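Participant: mind folding the following:
(chains A and B)
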Protein chains: 2
Amino acid sequence: MNALLTDLYQLTMAAGYFESGKAEEVATFEMFVRRLPVNRNFLVVAGLEQVVDYLLHFRFSAEEVAYLRVLPQFSRCSPDFFRFLQELRFTGDLFAVKEGTLLYPGEPALVVRAPIVEAQIPETFLLSTVAFQTLIATKAARVVEAAQGRGVVEFGTRRAHSPEAGVLAGRAAYVGGCIGTSNTLSGMKYGIPVYGTAAHSWVQSFEDELEAFRALQQLLGEHTVYLIDTYDTAEGARRAASLGRPLWGVRIDSGNLVEVSRKVRQILDEAGLPEAKIMATSDLSEYKILELLAANAPIDAFGVGTELATSADAPSLSAVYKIVEMGAGEHRRYTAKFSEGKATLPGAKQVFRYRDHDVLGCAWECPEGDYEALLRPVLMQGERVSPAEPLPAARQRALDGVARLPGSLRTQFEAKEPWPVIQSDALRRLEREVRRGLGAS
Amino acid sequence: MNALLTDLYQLTMAAGYFESGKAEEVATFEMFVRRLPVNRNFLVVAGLEQVVDYLLHFRFSAEEVAYLRVLPQFSRCSPDFFRFLQELRFTGDLFAVKEGTLLYPGEPALVVRAPIVEAQIPETFLLSTVAFQTLIATKAARVVEAAQGRGVVEFGTRRAHSPEAGVLAGRAAYVGGCIGTSNTLSGMKYGIPVYGTAAHSWVQSFEDELEAFRALQQLLGEHTVYLIDTYDTAEGARRAASLGRPLWGVRIDSGNLVEVSRKVRQILDEAGLPEAKIMATSDLSEYKILELLAANAPIDAFGVGTELATSADAPSLSAVYKIVEMGAGEHRRYTAKFSEGKATLPGAKQVFRYRDHDVLGCAWECPEGDYEALLRPVLMQGERVSPAEPLPAARQRALDGVARLPGSLRTQFEAKEPWPVIQSDALRRLEREVRRGLGAS
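Facilitator: Numbers count the residues shown, from 1 in each chain, chains lettered A, B, ... in the order given. Next up, the predicted model:
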């Protein structure tokens, strides 16, 4: 069961909605990011499939309900509330942009419309799922851009925020454009190519390096990648080269990668192995890769770990999930908050993507012109209405999206002119009306 | 099953060890952190219980083995290897420091001694488990110190790196000294106090704020915490105060917290509610809490989310898991790597903690004096030999450990003099011998 994986206040509010007779009132919530993290010019959305899976299986176990029943915060609740929780399922609607879509601040990645309890409790899970995978997919897109066509493999599970985060980081990095991951479970679960050959411990477990290399070649043939820096990198390169073909190449994991890769390239070339490749690892990031390639380091592929799996230069998104409407039809009431620096816009929205700008409008608008409406129905009344998409399609969408951006937004640094996101007249009118209605204009 | 949650290279190495006839050779690996992250003067170790649980249940499912069998990297493996994987269990020894122990760079948090395949495959899971929880427990200890006795609650699941990371962050933050978490599943799984009352959506779901507050008070009684900044904080405070007792207090989530908390304090006091407390949230960190308290902001408790659950100013640890010995007894061979900037020390170690310094020595040493040997047996031949500890004991150990530190190390900034960790003579001698033996002196 998964419904208890939430903040306690979602459940005290659920109790309050129930006891106030509001549990069945429909509410609409939207998830969006307040601002782009440092040096980002776009986000690559990921994590939708895990959201769908969660909502389709949303429920409390009997044990979970029993746990809540004895918490002091629920001491005034009626027995009916706990029966209600036990029966609770997600029966609402989910609208979302497709995975791999590029998105900008204020634009909803997803919209949930459901009886308020069903929309409220999932907030925590939905945020941590979509925000994290979007964070990593975005970071991956940056690293992949920096690598200018060279393959980038996600290697970061050991530094991810828990083993499960590593599995999802592998998935999100692939959506963002990596060619694969070292996380084997991620490979199996999501059908992602997996990479990896041997660590320093492999070399150290043999009495000498050459013996370790020979055993590796015997095992892996043309997939062999020798890790050559356990003792002395140049010596390691010469030993690797002495074994000749078959091999894929070598990996370097320490030292000055510009100098070392040149030296190693020379050793491989002189040994008659010009096709042998050089992979670099060692706390790489998009910034370091830009430097390495600017210095013409002869590196053919990159393994990126910590920086990618934790989005180390920007380890969180300011993602929020905010109520925008209560009720439906004639009884609809638009709502917003006006907290200092944290105001929100009322009403369910749609993102209209034009060739060179977006319009953030009301969900009911149907503007003129050549655009794509990004938010589409995924669940209706708790049932899936659009099939899951193969992950390579999401990855291709991200790659295409980045390729279509103006060059100024494709850099690893903050652009002077962000992607234009224009609020529609109708949305601005609605905001003014809601502010007036709440006496907060 | 859990064994596939690892980097592919652990499995190609496993195949190599098996095919080279080395699978049963005993190896010893140690996990330690290379250097302290920015502004840290110590680490608080956490995550051991999840390591034990993983090792006790370590195995591959048939489906996982079938997945590996068709990967190109395993195309040269014998059928025996896959049978071997299917039967694989952890039969080795685990030594570890207790959770809540303070630790310093180079000191092993745990040591694994097992047939090399059983020690190698778990690397990825062990690192991401212990490194992440240690990162968060350490961050929590810093925030708790900054709060100078005021309660700190972990509120960060929505920004954690996946929902599961949020559950573990709640656990680790508690070990580090927080009084509890908002993560309800974390509360149930680990017996941690849970906190939380209502969000802005609660207020917005009602047509007016006072009605929302009244319904909350009816539900929560003396646990009521009004979130007062949805529309106008001072007005929210007056509305909350107008409802009188019972209440715990109010929460402020936006604006200048120094000014706003003073204003709110005044409103509560003038309403005859001097015992009503003020909780602050809103992107808090140890640094912001220091500022708020330096300005005498009348805040009684803190909810810390993003910064704590992601350790935002230092989102990863340089944790590594390195082979230090092959074999045992007469056939023991000490090993180390000498990669530039990433060298390791050979041989199984022990941490001897004295009152005012540590000695990092060889595991077999038995020095004079008054010390505690921090690494203790947890699993022997795959069986648990020391019982799980109640989590409050780990938390108390961390609080006591921090309280015993010299004042210079208890700050939120890098101390001039780090905690002294001295390598024993025997360890230094061993390192020289191994370097000489590998021709790398």
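
Participant: pLDDT below threshold where in chain A?
Facilitator: Applying pLDDT under 70 to chain A flags residues A:439-441.

Participant: kindly report the domain assignment for it.
Facilitator: Using automatic domain parsing, the domain parsing of chain A gives A:8-135+A:318-437, A:141-310.

Participant: can you tell me which of those is most buried?
Facilitator: The highest average neighbour count among the domains of chain A, using mean count of other CB atoms under 10 Å in any protein chain shown, belongs to domain A:141-310 at a mean of 22. (Glycine included, C-beta is placed from N, CA and C.)

Participant: what distance separates the start and the end of that domain?
Facilitator: 14 Å (CA to CA, to the nearest Å).

Participant: check stretch A:37-54 too.
Facilitator: End-to-end distance (CA to CA), stretch A:37-54: 27 Å.

Participant: how far is it from where the chain is centred?
Facilitator: Remark: stretch A:37-54 is offset 4 Å from the chain centroid, using CA atoms, centre = their mean, to the nearest Å.

Participant: and the domains of chain A as CSV, adding distance to B:Ala348?
Facilitator: CSV is the format used below for the domains of chain A (distance: least, CB to CB, whole Å):
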stretch, distance to B:Ala348
domain A:8-135+A:318-437, 37
domain A:141-310, 14
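
Participant: would you turn the ones you listed into TSV with distance to chain B?
Facilitator: As requested, these are exported to TSV (distance: least, CB to the nearest CB, whole Å):
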stretch	distance to chain B
domain A:8-135+A:318-437	3
domain A:141-310	3
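
Participant: and of these, who's closest to B:Lys337?
Facilitator: The minimum distance between B:Lys337 and the domains of chain A falls on domain A:141-310, with 4.9 Å, by CB to CB.

Participant: and that closest one, how far from the chain's centre?
Facilitator: 23 Å.

Participant: ok, back up a step: of all the domains of chain A, which one is nearest B:Gly361?
Facilitator: domain A:141-310 (21.3 Å).

Participant: where does the residue positioned nearest the centre of chain A fall, secondary structure wise?
Facilitator: Closest to where the C-alpha atoms of chain A average out (CA atoms, centre = their mean) is A:Gln133, at 1.8 Å. Per DSSP states H and E, A:Gln133 falls inside helix A:123-146.

Participant: now do that helix: distance to the chain's middle.
Facilitator: 2 Å.

Participant: quick check: next helix or strand after that helix?
Facilitator: Remark: after helix A:123-146, the chain's next helix or strand is strand A:151-154, criterion DSSP H and E.

Participant: what's in contact with that next one?
Facilitator: For strand A:151-154, the surrounding residues in contact (CB atoms under 8 Å, 6 or more residues apart in numbering or on different chains) are A:140, A:143-144, A:169-170, A:173-174, A:177-183, A:195, A:300-305, A:308-309.

Participant: if we use 7 Å, what do you get?
Facilitator: The contact list for strand A:151-154 (CB atoms under 7 Å, 6 or more residues apart in numbering or on different chains) reads A:140, A:143-144, A:169-170, A:173, A:178-182, A:195, A:301-304, A:308-309.

Participant: got the angle between the next helix or strand after it and helix A:123-146?
Facilitator: The helix or strand immediately downstream of strand A:151-154 is helix A:163-175, counting by DSSP H and E. Relative orientation of helix A:163-175 and helix A:123-146, computed by axes from the mean of the first three to the mean of the last three CA atoms, to 10 degrees: 50 degrees.

Participant: now for helix A:163-175, which elements pack on it?
Facilitator: In terms of contacts (3 or more CB pairs under 7 Å, 6 or more residues apart in numbering or on different chains; DSSP states H and E), helix A:163-175 is packed against helix A:123-146, strand A:151-154, strand A:180-181, helix A:184-190, helix A:306-310, helix A:391-404, helix B:123-146, helix B:163-175.

Participant: out of those, flag the one nearest B:Leu427.
Facilitator: Of all the helices and strands packed on helix A:163-175, helix B:123-146 sits nearest to B:Leu427, with 22.5 Å by CB to CB.

Participant: what is the orientation angle of that closest one with helix B:391-404?
Facilitator: Helix B:123-146 runs at 60 degrees relative to helix B:391-404, counting by the same axes, to 10 degrees.

Participant: look up phi and psi at A:Cys366.
Facilitator: phi -140, psi 70 (degrees, to the nearest 10).

Participant: revised request: answer the last question for A:Leu379.
Facilitator: For A:Leu379, the backbone dihedrals (degrees, to the nearest 10) come out as phi -120, psi 140.

Participant: also A:Ala160?
Facilitator: Backbone geometry at A:Ala160, expressed as degrees, to the nearest 10, gives phi -70, psi 160.

Participant: tell me if I'm right that it and A:Leu168 touch.
Facilitator: No. With contact defined as CB atoms under 7 Å, A:Ala160 does not reach A:Leu168; the gap is 8.3 Å.

Participant: returning to that earlier point: tell me which of the helices and strands packed on helix A:163-175 lies nearest to B:Leu56.
Facilitator: helix B:123-146 (12.7 Å).

Participant: close to chain A, is the closest one?
Facilitator: Yes. Interface with chain A: helix B:123-146 contributes B:Thr124, B:Phe125, B:Leu127, B:Ser128, B:Thr129, B:Ala131, B:Phe132 (CB under 7 Å from any CB of the partner chain).

Participant: looking at those, spot the one nearest chain A.
Facilitator: Nearest to chain A out of the residues of helix B:123-146 next to chain A is B:Leu127 (CB to the nearest CB; 3.9 Å).

Participant: which SS state does A:Arg239 fall under?
Facilitator: Look at A:Arg239: counting by DSSP: H, G, I helix; E, B strand; the rest coil, its state is helix.

Participant: element containing the closest residue to it other than its chain neighbours?
Facilitator: Distance criterion CB to CB, 6 or more residues apart in numbering or on different chains; nearest residue to A:Arg239, sequence neighbours excluded, is A:Leu210 at 4.8 Å. When elements are assigned from DSSP H and E, A:Leu210 belongs to helix A:209-220.
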